[in-house]
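> test case, fold it:
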Amino acid sequence: MLTRLFHYLINSFLVSTRSNYKKALVLGTDHEAKLLANQTDPVVAGMVASFTPVIQAYKFTDLNVRTVTGEYKGETQTVEQLFETLSKEHLPDWEAAIYVLFRKGTPPATALLPQGRQPFQKGTYESRIQEIDVLGQKCALIAALQPLSVGILAFHVQIESARQVQQSTGEGQLKSLRTLREQARVTMCNAMFGNLGLLMNLYQSDPRQVANYFDFTLLRQKSKDDPQDAVVTLYIKNTGGLAVANATAQMLLPDGVVLTQQSDAAGKVVFTLEALEEIITVTVTVTAAGYTTLTETGPIEPGEDITTDMELSPMPPMPPTP
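Next comes the predicted model:
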């Protein structure tokens, strides 16, 4: 049977807002306001600092999608304005955070900012935007700079979205904008899930206080008239626990449609079932060279996240030729 994650390990913010960007906006905005109202607590103040760029990026990308699709009429922040903000506000803050950890001129600092601010301030828009992404990815590899990385990457999404609006002349740009909005939604929901853990620790003696920071009633709302996506994640391994790459996973749906995916280097396969309206039963079959075929069946509900290990047994040896 396909197994479910322990419910405390499921990011309900991510699940409940999948394909519902309006709900994501309401949840994120509500959480930001409640954090701001309680930021006299130093722990909450830290959450404000890390969550603000994330919610700003989501609001910005959502606005840009609605602007380009004609759902919203109004001015959007220009690329030039964002680059000015980069130079006057973000770069000094990013440098300060990096140089507090690694003194300027040392190898680690140079590896992060080999040419200082120059690549962010000179060159084409595309090259400068790419430098922001590169710095964010580098910082993500250093544990002490991971909170900084979240802010840098959120700003990258914001300025990349603005550039797409500037160039929006067709469906290709709109698709890119929607991709950036989805990326911003995931980042924001992950940040809220992280804040939930911090708040549970802060109020462990009175966990009811955590409800002051989220609109849990909105999280619990499920409309039968509002189809929801479901995600099934498989980790394909051998009996020794090692990942099996390039395995073929097929999911048979009730209407006879078969979805096919190949496992990556980590043995991971992700199936996304869009706009489910009711519980369905699926059959997953996994095949790989040198292993016996494995088949499992189970139900999937709208809005559900399922994760499971698929353990493949080695193919029995061929009998010796007489």
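> what ranges in the protein fall below the confidence cut-off?
Counting by pLDDT under 70, the chain shows low-confidence ranges at 1-7, 70-77, 168-172, 220-227, 321-322.
> now do the helices in it.
12-16, 21-37, 42-68, 79-85, 91-101, 107-112, 118-121, 125-140, 146-166, 171-202, 216-220 (DSSP state H).
> let me know which of these is tucked in deepest.
Mean neighbour count, computed with mean count of other Cβ atoms under 10 Å, is highest for helix 146-166 among those, reaching a mean of 22. Quick note: C-beta positions are derived from backbone N, CA and C, even for glycine.
> could you tell me the angle between it and helix 91-101?
When axes from the mean of the first three to the mean of the last three Cα atoms, to 10 degrees is applied, the directions of helix 146-166 and helix 91-101 differ by 160 degrees.
> export helix 146-166 as PDB, just CAs?
The C-alpha coordinates for helix 146-166 follow below in PDB (Å, rounded to 0.1, in the frame of the first residue of the first chain):
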ATOM      1  CA  GLN A 146      20.900  29.900   4.600                       C
ATOM      2  CA  PRO A 147      18.500  32.600   6.100                       C
ATOM      3  CA  LEU A 148      20.300  35.200   3.900                       C
ATOM      4  CA  SER A 149      20.000  32.900   1.000                       C
ATOM      5  CA  VAL A 150      16.200  32.800   1.300                       C
ATOM      6  CA  GLY A 151      16.000  36.600   1.100                       C
ATOM      7  CA  ILE A 152      18.400  36.800  -1.800                       C
ATOM      8  CA  LEU A 153      16.600  34.100  -3.800                       C
ATOM      9  CA  ALA A 154      13.200  35.800  -3.000                       C
ATOM     10  CA  PHE A 155      14.500  39.100  -4.400                       C
ATOM     11  CA  HIS A 156      15.800  37.200  -7.500                       C
ATOM     12  CA  VAL A 157      12.300  35.900  -8.200                       C
ATOM     13  CA  GLN A 158      11.000  39.400  -7.700                       C
ATOM     14  CA  ILE A 159      13.300  41.100 -10.100                       C
ATOM     15  CA  GLU A 160      13.100  38.200 -12.600                       C
ATOM     16  CA  SER A 161       9.400  38.600 -12.600                       C
ATOM     17  CA  ALA A 162       9.600  42.300 -13.200                       C
ATOM     18  CA  ARG A 163      11.900  41.600 -16.200                       C
ATOM     19  CA  GLN A 164       9.400  39.100 -17.600                       C
ATOM     20  CA  VAL A 165       6.600  41.800 -17.300                       C
ATOM     21  CA  GLN A 166       8.900  44.200 -19.100                       C
END
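> which residues does it contact?
50, 53-54, 56-57, 60-61, 64, 67-68, 76-79, 82-83, 86, 90, 94, 97-98, 125-126, 129, 132-133, 135-137, 139-140, 173, 176-177, 180-181, 183-184, 187, 191 (Cβ atoms under 8 Å, 6 or more residues apart in numbering).
> can you count the residues close to the residue nearest to Ala289 when sequence neighbours are not counted?
Among residues not flanking Ala289 along the chain, Asn246 sits closest, at 8.0 Å (Cβ to Cβ, 6 or more residues apart in numbering). The number of residues packed near Asn246 is 12, by other Cβ atoms under 10 Å.
> quick one: Asn246 and Gly290 touch, right?
No - using Cβ atoms under 8 Å, Asn246 is not in contact with Gly290; the gap is 11.0 Å.
> domain assignment for this structure?
According to automatic domain parsing, the chain comprises the domains 7-217, 222-312.
> can you redo those as a markdown table with distance to Met318?
As requested, the domains of the chain are exported to a markdown table (distance: least, Cβ to Cβ, whole Å):
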| stretch | distance to Met318 |
| --- | --- |
| domain 7-217 | 42 |
| domain 222-312 | 12 |
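> with Pro320 as the reference, name the closest of those domains.
Pro320 lies closest to domain 222-312 among the domains of the chain, at 18.6 Å (Cβ to Cβ).
> now do that closest one: distance to the chain's middle.
Offset of domain 222-312 from its chain centre (Cα atoms, centre = their mean, to the nearest Å): 20 Å.
> could you list every residue that touches the most centrally placed residue in the chain?
With distances taken as Cα atoms, centre = their mean, Val186 lies nearest the centre of the chain, 3.3 Å away. Val186 makes contacts with Leu14, as judged by Cβ under 8 Å, 6+ apart.
> now do 10 Å
Asn11, Phe13, Leu14, Thr17, Arg18, Ala24, Tyr58 (Cβ atoms under 10 Å, 6 or more residues apart in numbering).
> please work out how many residues are found near the fourth one.
What that stands for is Thr17. 26.
> use 31 as the first number for this chain going forward.
Renumbered: residue one is now 31, and that last one reads Thr47.
> was I right about it contacting Asp92?
No - the pair Thr47 and Asp92 fails to qualify as a contact (Cβ atoms under 10 Å) at a distance of 11.3 Å.
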